[in-house]
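Engineer: sequence first, predicted model second:
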Amino acid sequence: MISTLDSDPGLTFPVLIGDIGGTNARFAVLENETAEPKHYEIARTADHKTIDDAIRAVVIAAGGRPKSALLAVAGPVDGDEIDLTNAPWVIKPRQMLASLDLREVVVLNDFEAQALAVSALPPSVHHAIGGGHVHETASRVVLGPGTGLGVAGLVKVRDIWVPVAGEGGHVDLGPRTARDQAIWPHLETIEGRVSGEQVLCGRGLVNLYRAICAADGVMPILSEPAEVSGAASTAANAQAVEAVRLFTLYVGRYAGDLALIFMARGGVYIGGGIFQRLIPILDVGAIRAEFENKAPHTDLMRQVPLFVVTASLAALTGLAAYARAPRRYGIETAERRWMA
Ligand SMILES: Nc1ncnc2c1ncn2[C@@H]1O[C@H](COP(=O)(O)OP(=O)(O)OP(=O)(O)O)[C@@H](O)[C@H]1O
C-alpha cells in the first residue's frame with residue numbers, strides 16, 4: 001500500500017484511465033508507456049448503476065482488457081468508498097479489483113488530473129487571452145468553471161511536477177466596481193458568504209443573472225446556464241448579456257488572484273466546460289485588463305500568460321502522462337492505491 005516519490009511502483013499495463021465527472025465518465029486504455037490512449041464512447045453516469053457496470057459496458061464489451069485503473073473523480077478521496085460530488089455513483093476500489101480482475105486501482109482528484117494535463121498538453125490546444133510568456137520551469141495554475149469551480153496549482157521542483165489541488169473554488173469573492181456593489185447584495189450566498197463557486201460555475205452564472213435582474217428590477221426568465229449563455233450570444237436579453245460579460249471578467253480577475261498566489265509565470269489555464277464554449281463571445285481585452293489589474297503587481301501580471309484549455313479530454317491526457325511516467329510527478333498515492 002506504500003508509494004513514495006522515489007519508489008512509486010507505477011501501474012500495470014494495460015492501464016484503464018477514467019475521468020469521472022458529475023454527468024459524464026470518459027474512459028481510455030493505455031496499452032503501454034509509448035502507446036496513444038484508445039478512447040471509448042463517453043458513458044453517462046445516469047445510464048449505469050455503478051462504475052463497474054459502465055466499465056464493463058463501454059470498455060470491456062468493446063475489447064478493452066485493462067490490468068489496472070487510474071481514475072480522476074470530482075470528490076474527496078478519503079477511504080474505501082468514494083462518493084462523487086455531483087453524481088450517484090459510489091466508487092469502491094476494493095470491489096473493482098475483484099469484479100474487473102484488476103491488480104491496482106489508483107484514484108486521484110479531478111483537478112490533480114487537470115493539473116497533470118497542463119504539464120502535458122501542447123500549446124496548440126490552448127487559446128491565449130492576451131500576451132505574456134510561458135516560463136517553462138515556473139509554476140502554473142489551472143481553474144475550471146464547470147459544474148463546480150475546481151482549482152489546482154502545478155509546481156515544478158527540480159524535474160518533478162507537483163500538483164497542488166486544494167479547495168480554491170471556495171475562497172471569498174468580493175465586489176470591486178460600483179456595478180458590482182449594486183449586484184452583490186442580490187447574489188445567493190452560502191451561509192452568508194459569496195464564495196467563488198457561488199458565481200464562477202454553471203449554477204453561479206444563473207445566480208449572477210438573477211442578481212442582475214434583481215438589481216435592474218426585472219423578472220428573471222432564464223433558469224439554465226446554457227440558456228443564459230445562449231441568450232447572451234444572440235444578444236436576446238440584456239441581463240444575460242451582462243451576466244456572461246461579468247462572469248468572464250470575474251473569471252479573469254480571479255485567475256489573476258490565483259496567478260499571484262502561485263507566482264504562476266508558467267501560465268494560468270482556464271479549463272472546465274463553460275469558458276471554452278464562450279470563446280466566440282469573449283471580450284479578450286477586457287478579461288486581460290481584469291487579470292492584470294493587480295496593483296502593485298501590474299507589471300508582473302503583464303508577463304503572465306492566460307489560456308483557455310480547449311481540449312475536451314484534457315484530464316485523460318493528464319492521467320495518461322502520469323501512467324506513462326509516474327516518477328515525473330510528485331503525487332503521493334499511499335492512501336489512494338488499492339492492490340489485489
Ligand atoms: N452552453 C453553456 N453555457 C454555459 N454553461 C453551460 C453550457 N453548457 C453546459 N453548461 C454548464 O456547464 C456545467 C458543466 O460543466 P463541465 O462541462 O465542465 O462539466 P463537469 O463539471 O466537468 O462534469 P461532466 O464532465 O460530468 O460534464 C453545468 O453547470 C452546465 O449547466
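Structural biologist: Structure received.

Engineer: and the helices in the protein, which stretches?
Structural biologist: In the chain, helices defined by DSSP state H lie at 51-55, 93-99, 110-120, 178-183, 196-199, 202-216, 225-233, 238-262, 273-278, 284-292, 298-302, 314-324, listed in chain order.

Engineer: list of residues touching the last one?
Structural biologist: To tie it back to what came earlier, the one meant is helix 314-324. Judged by CB atoms under 8 Å, 6 or more residues apart in numbering, the contacts made with helix 314-324 from elsewhere in the structure are 10-11, 15, 17-19, 26, 28, 30, 33-34, 37, 39, 70, 72, 108, 110, 112-121, 125, 271, 311, 328-329, 331. Every C-beta, even on glycine, is put in place using the N, C-alpha and C of the backbone.

Engineer: among those residues, name the buried ones.
Structural biologist: Applying a neighbour-count criterion of 16 or more other CB atoms under 10 Å, the buried members of these are 10-11, 15, 17-19, 26, 28, 30, 37, 70, 72, 108, 110, 112-121, 125, 271, 311, 328-329, 331.

Engineer: mind putting the helices of the chain into JSON lines with distance to D159 and mean pLDDT?
Structural biologist: Supplementary listing: those in JSON lines, determined by distance: least, CB to CB, whole Å; pLDDT from 0 to 100:
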{"stretch": "helix 51-55", "distance to D159": "34", "mean pLDDT": "97"}
{"stretch": "helix 93-99", "distance to D159": "30", "mean pLDDT": "96"}
{"stretch": "helix 110-120", "distance to D159": "11", "mean pLDDT": "93"}
{"stretch": "helix 178-183", "distance to D159": "43", "mean pLDDT": "98"}
{"stretch": "helix 196-199", "distance to D159": "32", "mean pLDDT": "98"}
{"stretch": "helix 202-216", "distance to D159": "38", "mean pLDDT": "98"}
{"stretch": "helix 225-233", "distance to D159": "40", "mean pLDDT": "97"}
{"stretch": "helix 238-262", "distance to D159": "19", "mean pLDDT": "98"}
{"stretch": "helix 273-278", "distance to D159": "31", "mean pLDDT": "93"}
{"stretch": "helix 284-292", "distance to D159": "29", "mean pLDDT": "98"}
{"stretch": "helix 298-302", "distance to D159": "26", "mean pLDDT": "98"}
{"stretch": "helix 314-324", "distance to D159": "14", "mean pLDDT": "95"}
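
Engineer: got the ones you listed as JSON lines, with distance to T85 columns?
Structural biologist: As requested, the helices of the chain are exported to JSON lines (distance: least, CB to CB, whole Å):
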{"stretch": "helix 51-55", "distance to T85": "15"}
{"stretch": "helix 93-99", "distance to T85": "18"}
{"stretch": "helix 110-120", "distance to T85": "9"}
{"stretch": "helix 178-183", "distance to T85": "27"}
{"stretch": "helix 196-199", "distance to T85": "11"}
{"stretch": "helix 202-216", "distance to T85": "13"}
{"stretch": "helix 225-233", "distance to T85": "17"}
{"stretch": "helix 238-262", "distance to T85": "20"}
{"stretch": "helix 273-278", "distance to T85": "15"}
{"stretch": "helix 284-292", "distance to T85": "28"}
{"stretch": "helix 298-302", "distance to T85": "32"}
{"stretch": "helix 314-324", "distance to T85": "15"}
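
Engineer: which pLDDT does the model give the residue located most distally from the centre of the chain?
Structural biologist: Summary for the chain: using CA atoms, centre = their mean, the residue whose C-alpha lies farthest from the chain's mean C-alpha position is G217, with a distance of 34.7 Å. pLDDT, the model's per-residue confidence, is 98 for G217.

Engineer: returning to what we had before: among the helices of the chain, which is the most enclosed?
Structural biologist: helix 110-120 (a mean of 27; mean count of other CB atoms under 10 Å).

Engineer: does the ligand sit close to that helix?
Structural biologist: No: between helix 110-120 and the ligand, judged by CB under 6 Å from any ligand atom, nothing touches; the nearest distance is 7.4 Å.

Engineer: and that helix with helix 314-324, angle?
Structural biologist: Interaxial angle, helix 110-120 versus helix 314-324 (axes from the mean of the first three to the mean of the last three CA atoms, to 10 degrees): 80 degrees.

Engineer: check what contacts helix 110-120 and list those residues.
Structural biologist: 19-21, 72-74, 140, 142, 144, 150-154, 161, 163-165, 267, 269, 271, 309, 311, 314-322, 329, 331.

Engineer: distance check, the residue nearest the centre of the chain against the ligand.
Structural biologist: Nearest to the mean C-alpha position of the chain, counting by CA atoms, centre = their mean, stands G144 at 4.0 Å. Using CB to the nearest ligand atom, to the nearest Å, one obtains 6 Å as the distance from G144 to the ligand.
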